[in-house]
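*Asks:* Make a model of this:
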Amino acid sequence: MNFTLIPTISTAFFMAASVAAEDAAPQDFTDLTIPEFSKPTDDQTEYVDMQKLNGRFCPDHPFRPGWVMVQPRGYQWKTGLMQDYYYLQRSRAVVAAGQCSCDLMFPSWDDMRPELEQLLAQLPDDSASEFTPDQGRQLREIERAMQQEKRAIASEFGQLCQTIIMGE
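*Replies:* Predicted structure coming up:
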């Protein structure tokens, strides 16, 4: 047997099999291009809040909008800061009113937007990785102050809103 022909025969066989597979395969192909996630959409209207998908009490009240939740990579600190501020404001409103309602628990994000923008203006519009140590410390101090105040009124907020939260 002539062993020098085996590589040539096997190459021809695999080429023929490849051509046959291409002819049999559909002409459509899957686009494997990685989408660009670091840039938010202009109006971020395509965002669907997971709370809405999972169901929640007070379903007729505003969910978290895309302009809050969709941030470029490295800018997620803005989402956390805006949510902390929103939840502190709603807790303050419930405690100040001495009662709980869906309107107090879920105020309009759009109405609160100027306050949120003013809060964000205190910090540089940079990725968290670009913050100087002092800027990072400033962000943590703002977050800590809001969380401490929210914790201080959390028990009262929980008692006032228990009926709505528990669905009673």
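*Asks:* Can you name every helix or strand that the helix or strand encompassing Tyr85 contacts?
*Replies:* In the assignment (DSSP states H and E), Tyr85 maps to helix 76-97. With contacts taken as 3 or more CB pairs under 8 Å, 6 or more residues apart in numbering; DSSP states H and E, helix 76-97 sits against helix 66-69, helix 102-105, helix 109-120, helix 133-166. Just so you know, the C-beta spots here come from the backbone N, C-alpha and C atoms, and that holds for glycine as well.
*Asks:* To Asp126, which of those helices lies closest?
*Replies:* helix 133-166 (7.7 Å; CB to CB).
*Asks:* what is the mean pLDDT for the closest one?
*Replies:* Helix 133-166 shows a mean pLDDT of 94.
*Asks:* Can you get me a residue count around the closest residue to Gln99 other than its chain neighbours?
*Replies:* Using CB to CB, 6 or more residues apart in numbering and skipping residues adjacent in sequence, the residue nearest Gln99 is Leu160, 6.2 Å away. The number of residues packed near Leu160 is 21, by other CB atoms under 10 Å.
*Asks:* Next one: Leu160 from Ala96, what distance?
*Replies:* Counting by CB to CB, to the nearest Å, the gap from Leu160 to Ala96 is 11 Å.
*Asks:* again, but for Ile153
*Replies:* Per CB to CB, Ile153 is found 10 Å from Ala96.
*Asks:* The two: which is more packed in?
*Replies:* With neighbours defined as other CB under 10 Å, Ile153 and Ala96 compare such that Ile153 has more, 16 against 10.
*Asks:* Let me know whether the more buried one touches Arg92 as I believe.
*Replies:* Yes - the pair Ile153 / Arg92 is scored as a contact, 7.1 Å apart, by CB atoms under 8 Å.
*Asks:* which residues do the two both contact?
*Replies:* Residues touching both Ile153 and Arg92 by CB atoms under 8 Å, 6 or more residues apart in numbering: none at all.
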